[in-house]
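**Q** Just a sequence and a predicted model for now, questions to come.
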Amino acid sequence: MALILNIESSTTVCSVALARDGEVLQHLEVNDGYSHAENLTVFADTLLKEAGITAMDVDAVAVSRGPGSYTGLRIGVSLAKGIAYGASKPLIAVDTLQQMCLHPNVVKELQYLKDPLLCPMLDARRMEVFTAVYDIGLKLIRPYEAMVLDEQSFEQELSEDGMLFFGNGSPKFKDILNNSSAYFAEDVWPSSLQMAPLAEMAFERQEFEDVAYFEPFYLKAFQGTTPKKRF
């Protein structure tokens, strides 16, 4: 049983939630491009003030660990580490893809499907996605990978089980796939709302990160762009 501040910044969604015992008490979220630098700290401060507490009163700080946007993850993790270190609170890392499996639109689809495999997908440009495969108990079945999608992707899994795909990378897979065992849930994104129950379970198991050395899970190296020369 814990009071946890949850911070999510792995995509364009900027999201912070204050939760007790895995249940969200207050929540602020916006999807306004990569506005994390402007919003995350303000959101965290606002939630704490509205609850009439400070960071010293929370039991832990949880952050989405990735994979996802390189810059977004760095901002979120930096904030979480700063709050945890300053308040001498434990730091919890929540898997970004796993928490997407708890999104309401995924849960809704599961009412109509019989034990499908769950496949969250985050857009990683062009035909590439960050993805993994879970069973409905959230056990990892296929490890995390940066996958370039084609018609044969997940061919083996789809031949054996039904699969539910979701996340902002899944529409481009839907466009090239023709398989009756594939299902798609729309409008699913990482959110601090879905982080809360996973952070609570991690707290109960005392699964804490080293605040000084913890780094986001990028999955692949950062690829920046070279500025064009001006003449």
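**A** Structure received. Since the model is a prediction, treat every value here as computed from it, not as a measurement.

**Q** which residues are in contact with the lowest-mean-pLDDT helix or strand in the chain?
**A** Ranked by mean pLDDT, DSSP states H and E, the weakest helix or strand in the chain is helix 155-160, scoring a mean of 93. Where contact means C-beta atoms under 8 Å, 6 or more residues apart in numbering, the residues beyond helix 155-160 that reach it are 117, 133, 141-142, 163, 179, 181-182. Every residue, glycine included, has its C-beta placed from N, CA and C.

**Q** In those, find the pair that's most separated.
**A** Spatially, the most separated pair among the contacts of helix 155-160 is 141 and 179, at 17.7 Å (C-beta to C-beta).

**Q** The lengthiest helix in the chain packs against which elements?
**A** Using DSSP state H to define each element, the chain has its longest helix at helix 70-87. Under the contact criterion of 3 or more C-beta pairs under 8 Å, 6 or more residues apart in numbering; DSSP states H and E, helix 70-87 touches strand 3-8, helix 36-50, strand 60-64, strand 91-94.

**Q** Please tabulate these in a markdown table and include mean pLDDT, distance to residue 195 and mean neighbour count as additional columns.
**A** Below are the helices and strands packed on helix 70-87 laid out as a markdown table (pLDDT from 0 to 100; distance: least, C-beta to C-beta, whole Å; neighbours: other C-beta atoms under 10 Å):
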| stretch | mean pLDDT | distance to residue 195 | mean neighbour count |
| --- | --- | --- | --- |
| strand 3-8 | 98 | 4 | 27 |
| helix 36-50 | 97 | 13 | 18 |
| strand 60-64 | 98 | 6 | 29 |
| strand 91-94 | 98 | 5 | 24 |
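
**Q** Alright, that wraps it up for me.
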